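*Asks:* A predicted structure for the sequence below; I have some questions about it.
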Amino acid sequence: MKNKLYHYFSEKAFIYRFTVIASVFRFNKQMQKRGIGKQHISYRHYLRAFLLVRCTLGEYMDYELFLKNDDEIKTYLTMYNKHRILSRLGDRHAALTITGSKHGFNQKYAPFLGREWIAVKTCTKEEFLQFVQEKKEVVFKRPDAFQGNGIERFVYTDGDTALQKYERLQKENALVEEVLAQHESIAAFNPQTVNTLRVSTLCVNGNVHFIGACFKTGYGNSSVDNLVKGGVGCGVDVNTGRVITDGFDHDLNTVKKHPVSGCVFKDFCIPNWDKIKETVQKAAVFCEQNGDGHLIGWDVAVIPNGASIIEGNWNQGLTLIQNRQCGKAAVIESVLKEEGIL
């Protein structure tokens, strides 16, 4: 029920036309929670930022707008302004991956996946058993999953255990994917997780513009790298593929080294960066040509000889591509002006 409500309201663009001003009580509570002293921030400054960019209280804190002047605040893309852009471009307001389902995405974007998969609903027990037995290690995904939920890693041990999973996965209409072999330098951060990149693109009239990027890695034995599930993110220079910030967690604490492996985030160079950009560029053009959207957040895994696109997100979060980096509003605005949309 929670997933259905989330998806329902996320597709109702009207909810983004309103950004509620937080009360003084909520404002002070957030200050206290985040350990921000009154010498750095005032409620009046928050109201000023709200009028400039319609930021939520969370965005005001996440982007540390309390440390920025008016011109700096205006560079940040808020959810309110992002959805104004989506409305102008005609893109969907939806929490699900582009096409509307993970099954649909895997089918339509097969040339960009770089991995094998099956839909449990349409395969027999024998086909399912053969797939997991051959791959040895697979990932189960619920079709309506988001924010790292509904994802389970499974290692094949015996047929009976696998077939028990099959019964449940049939009811959930799940899909099963092989676990990707990551590039060794990416796996070094946390081999238990497929550590991915979020690469945000804006494609208009076949011209692809790279808006921002973030490297994400999981923590401990987690099978996902989502920040909500304890992952760590760090900003990436879209031109060079170099990590340009320290890591940050969901509570925006600074993380200089991976808590388990000890790998340092800042100045790490993402391998195969040119191939990653080439793959994402082709996917973005394909996406626009097929009417799936213009402004997309791509989740990408780095494999030994290239890149594998995990999925493309309509309603991408903006913290990943803006936190500890510069705001992306000016970049998008310049692209839209260049393409004659603004």
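*Replies:* Thanks, I have the structure now. Numbering: from 1, shown residues only.

*Asks:* Surely F50 is in a strand?
*Replies:* No: with DSSP: H, G, I helix; E, B strand; the rest coil as the criterion, F50 is assigned helix and is not in a strand.

*Asks:* Can you tell me the element G312 falls in?
*Replies:* strand 306-313 (DSSP states H and E).

*Asks:* same deal with D299?
*Replies:* Assigned by DSSP H and E, D299 belongs to strand 295-303.

*Asks:* Would you give the sheet partners of that strand, along with the direction of each?
*Replies:* Its sheet considered, strand 295-303 pairs with strand 196-204 (antiparallel), strand 306-313 (antiparallel) by DSSP bridges.

*Asks:* Kindly state the pLDDT recorded for the closest residue to G297 other than its chain neighbours?
*Replies:* Using CB to CB, 6 or more residues apart in numbering and skipping the chain neighbours, the partner closest in space to G297 is Q316 (2.8 Å). No exception for glycine: its C-beta is placed from N, CA and C like everyone else's. You'll see Q316 listed with a pLDDT of 88.

*Asks:* Please verify my assumption that Q316 contacts S200.
*Replies:* Yes: at 6.2 Å, Q316 and S200 qualify as touching, with contact defined as CB atoms under 8 Å.

*Asks:* Check the contact lists of these two and give me the overlap.
*Replies:* Both Q316 and S200 are in contact with L295, I296, G297, where contact means CB atoms under 8 Å, 6 or more residues apart in numbering.

*Asks:* Now which of those would you call buried?
*Replies:* Buried subset of the shared contacts of Q316 and S200 (neighbour count, 16 or more other CB atoms under 10 Å): L295, I296, G297.

*Asks:* thought the second one was touching F286?
*Replies:* No: under the criterion of CB under 8 Å, I296 is not in contact with F286, lying 10.7 Å apart.

*Asks:* which stretches of the stretch 1-150 of the chain form helices?
*Replies:* Secondary structure of the stretch 1-150 of the chain (DSSP state H, counting those that start in this stretch): helices at 2-10, 24-34, 43-53, 57-62, 70-73, 79-89, 102-108, 125-135.

*Asks:* Pairing-wise in the sheet, spell out the partners of the nearest residue to N239 once chain neighbours are set aside.
*Replies:* Among residues not flanking N239 along the chain, F210 sits closest, at 8.0 Å (CB to CB, 6+ apart). Taking DSSP bridges as the rule, F210 bridges to T201.

*Asks:* can you give me the mean pLDDT across the longest helix anywhere in the chain?
*Replies:* As assigned by DSSP state H, the longest helix anywhere in the chain is helix 273-289. In this model, helix 273-289 has a mean pLDDT of 98.

*Asks:* Any buried residues in it, and which?
*Replies:* Buried residues in helix 273-289, counted by 16+ other CB under 10 Å: W273, I276, K277, T279, V280, Q281, A283, A284, F286, C287, E288.

*Asks:* can you give me how far that helix is from the chain middle?
*Replies:* Relative to its chain's centre, helix 273-289 lies at 16 Å (CA atoms, centre = their mean, to the nearest Å).

*Asks:* ok, the residue most central in space within the chain - contacts?
*Replies:* Centroid-nearest residue in the chain, with CA atoms, centre = their mean: R198, separated by 5.2 Å. Contact partners of R198, counting by CB under 8 Å, 6+ apart, are A213, C214, K216, G233, G297, W298, D299, V300, Q316, L320, I321.

*Asks:* which pair in these spans the largest distance?
*Replies:* Pairwise distances across those peak at 14.9 Å for G233 and W298 (criterion: CB to CB).

*Asks:* and the angle from the longest helix of the chain to strand 306-313?
*Replies:* 40 degrees (axes from the mean of the first three to the mean of the last three CA atoms, to 10 degrees).

*Asks:* buried set for stretch 95-105?
*Replies:* Here stretch 95-105 shows A95, L96, T97, I98, T99, G100, K102, H103, F105 as buried, counting by 16+ other CB under 10 Å.
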